[in-house]
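Engineer: Output the structure for:
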Amino acid sequence: MKRIVYKEDNIDLDFIKKTLEKNGVIIYPTDTVYGVGASIDSLEGIKKIYTAKERNFNSPLIALLSKVEYIEKIAIVDKEKKNLVEKLAKEFWPGALTIILDKKKNVPDIMVSGGKTVGVRIPALKLAQDIIEGVGGILPTTSANISGETTPRSYEELNEEFKDRVDIIVDGGATPLGVESTILDLTKDVPKILREGAIKKEAIEKLIGKI
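Structural biologist: Residues are numbered from 1 along each chain as shown. Predicted structure coming up:
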């Protein structure tokens, strides 16, 4: 398939959906950095992400969502966690907070490195939300770079070799934040930050208490 590059104001959401359904891979901007994604229903597409990144299968992808209600399609939110998730989502979503929850059985093992959890986030960029909604509201994603190289924060920073390994690229210019998301694990008794990014620990503790 010939690689297609779309400008942000001229994308074909229907074509993107059909391409990903046929095991295609897309590079697209989020609010934090550029991501590379594939359909959650395409094991081949997800494998292509790892191949393109030259990455082993021990590093899980996260699921970017277009709406909060999609969380429960792929993650287990029990009564104990529901209040916490709702509070975090109200304050920080759409935005640069990735929440780790126990996954449901429909999440492919390859996407989460055979683990029992899945990371979820809603990006604060309408273009990204439109793309994600267009493919069903859930888009397994990771940073659009070869492993070990700099994470791209603009279309110009994308590695040329990496671009040749995908089917569709959406040129959205520079990302608004340019900083990776903060990752918060809610699967333990006490929430734990696995990576501090755009959202600081203090802001989270102010909302939910000591972590």
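
Engineer: host element of the spatially closest residue to residue 170 that is not a sequence neighbour?
Structural biologist: Take residue 170 and drop its neighbours on the chain: the residue closest to it by CB to CB, 6 or more residues apart in numbering is residue 28, 4.3 Å away. The way it works is simple: take the backbone N, C-alpha and C, and place the C-beta from them, glycine included. Taking DSSP states H and E as the definition, residue 28 sits inside strand 26-29.

Engineer: close enough to count as contact, the residue nearest to residue 170 and residue 35?
Structural biologist: Yes - if you go by CB atoms under 8 Å, residue 28 and residue 35 touch, sitting 6.1 Å apart.

Engineer: Identify the contacts common to those two.
Structural biologist: Common neighbours of residue 28 and residue 35, using CB atoms under 8 Å, 6 or more residues apart in numbering, are residue 128.

Engineer: quick one on the thing from earlier: can you name the element that comes right after the strand holding residue 28?
Structural biologist: Next helix or strand after strand 26-29 toward the C-terminus (DSSP H and E): strand 34-37.

Engineer: neighbouring contacts of that next one?
Structural biologist: Residues from elsewhere that reach strand 34-37 (CB under 8 Å, 6+ apart): 20, 25-29, 49, 52-53, 64, 128, 139-145, 151-155, 157-158, 166, 175.

Engineer: follow-up on the earlier one: if I look at the residue nearest to residue 170, how far off is residue 78?
Structural biologist: Separation of residue 28 from residue 78 (CB to CB, to the nearest Å) stands at 32 Å.

Engineer: Give me the more crowded residue out of the two.
Structural biologist: residue 28 (29 against 9; other CB atoms under 10 Å).

Engineer: Tell me how far the more buried one lies from residue 172.
Structural biologist: Residue 28 is 7 Å from residue 172, by CB to CB.

Engineer: cool, and residue 93?
Structural biologist: Residue 93 sits 20 Å away from residue 172, going by CB to CB.

Engineer: Same check on residue 67?
Structural biologist: Residue 67 is 20 Å from residue 172, where distance means CB to CB.

Engineer: ok, those two, which is more surrounded?
Structural biologist: Higher neighbour count among residue 67 and residue 172: residue 172, with 22 against 14, using other CB under 10 Å.

Engineer: For that one, give me the pLDDT.
Structural biologist: We have a pLDDT of 96 for residue 172.
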